[in-house]
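J.: sequence plus predicted model, see below.
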Amino acid sequence: MKILNIILALLFVLFAYFQYNDPDPWMWIAIYGVVAVICIFAAFKKYNRWAILILLGGLGIYWAILLPDFVTWLGDGMPTITGSMKAESEYIELVREFLGLLILIGVLAFQFWSERKYRSTS
């Protein structure tokens, strides 16, 4: 688990780095950065359950807000969202954010599960 958490932390640091050209870079740099820190702490069995839960809740709400845009994208036949780094239409950026949030929520759910497992065995 230690190596997995370190790899996840490095990936999120990389994700944060590539947000500099995003329309709202500081928000995403902060989000990816905080999740990277949570992964680093988890690598050393230091979990903050409340930080994980608060982030899960907040990102889950944001994800739900973007869900209609994702459904619109699906309904439009899933046009490419990777053609260029500049989003030509609004929903392309929103779909990218939706998918980024899905990754973040997945990792935070994994961290929550890991914290519960660690707490029950210690």
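T.: Ah, there it is.
J.: Three-state assignment for residue 56, please.
T.: Secondary structure for residue 56, judged by DSSP: H, G, I helix; E, B strand; the rest coil, is helix.
J.: helices or strands next to the host helix or strand of residue 51 in the packing?
T.: Taking DSSP states H and E as the definition, one finds residue 51 inside helix 49-75. Applying 3 or more C-beta pairs under 8 Å, 6 or more residues apart in numbering; DSSP states H and E, one finds that helix 49-75 contacts helix 25-43, helix 90-121. Where you see a C-beta, it was placed from the backbone N, CA and C, and this is true even at glycine.
J.: tell me the centre residue of the chain?
T.: residue 104 (2.2 Å; C-alpha atoms, centre = their mean).
J.: how about the contacts made by that one?
T.: Listed by C-beta atoms under 8 Å, 6 or more residues apart in numbering, the contact set of residue 104 reads 31, 32, 35, 55, 59.
J.: could you do residue 9 as well?
T.: Shown in contact with residue 9 (C-beta under 8 Å, 6+ apart): 36, 37, 39, 40, 43.
J.: where in the protein is pLDDT low?
T.: Scanning the chain for pLDDT under 70 picks out 83-89, 122.
J.: tell me the backbone dihedrals of the nearest residue to residue 40 once chain neighbours are set aside, please.
T.: Distance criterion C-beta to C-beta, 6 or more residues apart in numbering; nearest residue to residue 40, sequence neighbours excluded, is residue 9 at 4.7 Å. Backbone torsions of residue 9, given as degrees, to the nearest 10, read phi -60, psi -40.
J.: ok, residue 79 next?
T.: For residue 79, the backbone dihedrals (degrees, to the nearest 10) come out as phi -60, psi 160.
J.: now do residue 45
T.: phi 60, psi 30.
J.: surely it touches residue 121?
T.: No. Using C-beta atoms under 8 Å as the test, residue 45 is too far from residue 121 to be in contact (10.6 Å).
J.: so between these two, which is more surrounded?
T.: A direct count of neighbours by other C-beta atoms under 10 Å for residue 45 and residue 121 places residue 45 higher, at 13 against 6.
J.: mean neighbour count, the helices and strands packed on helix 49-75: which tops it?
T.: Stretch with highest mean neighbour count among the helices and strands packed on helix 49-75: helix 25-43 (a mean of 18; mean count of other C-beta atoms under 10 Å).
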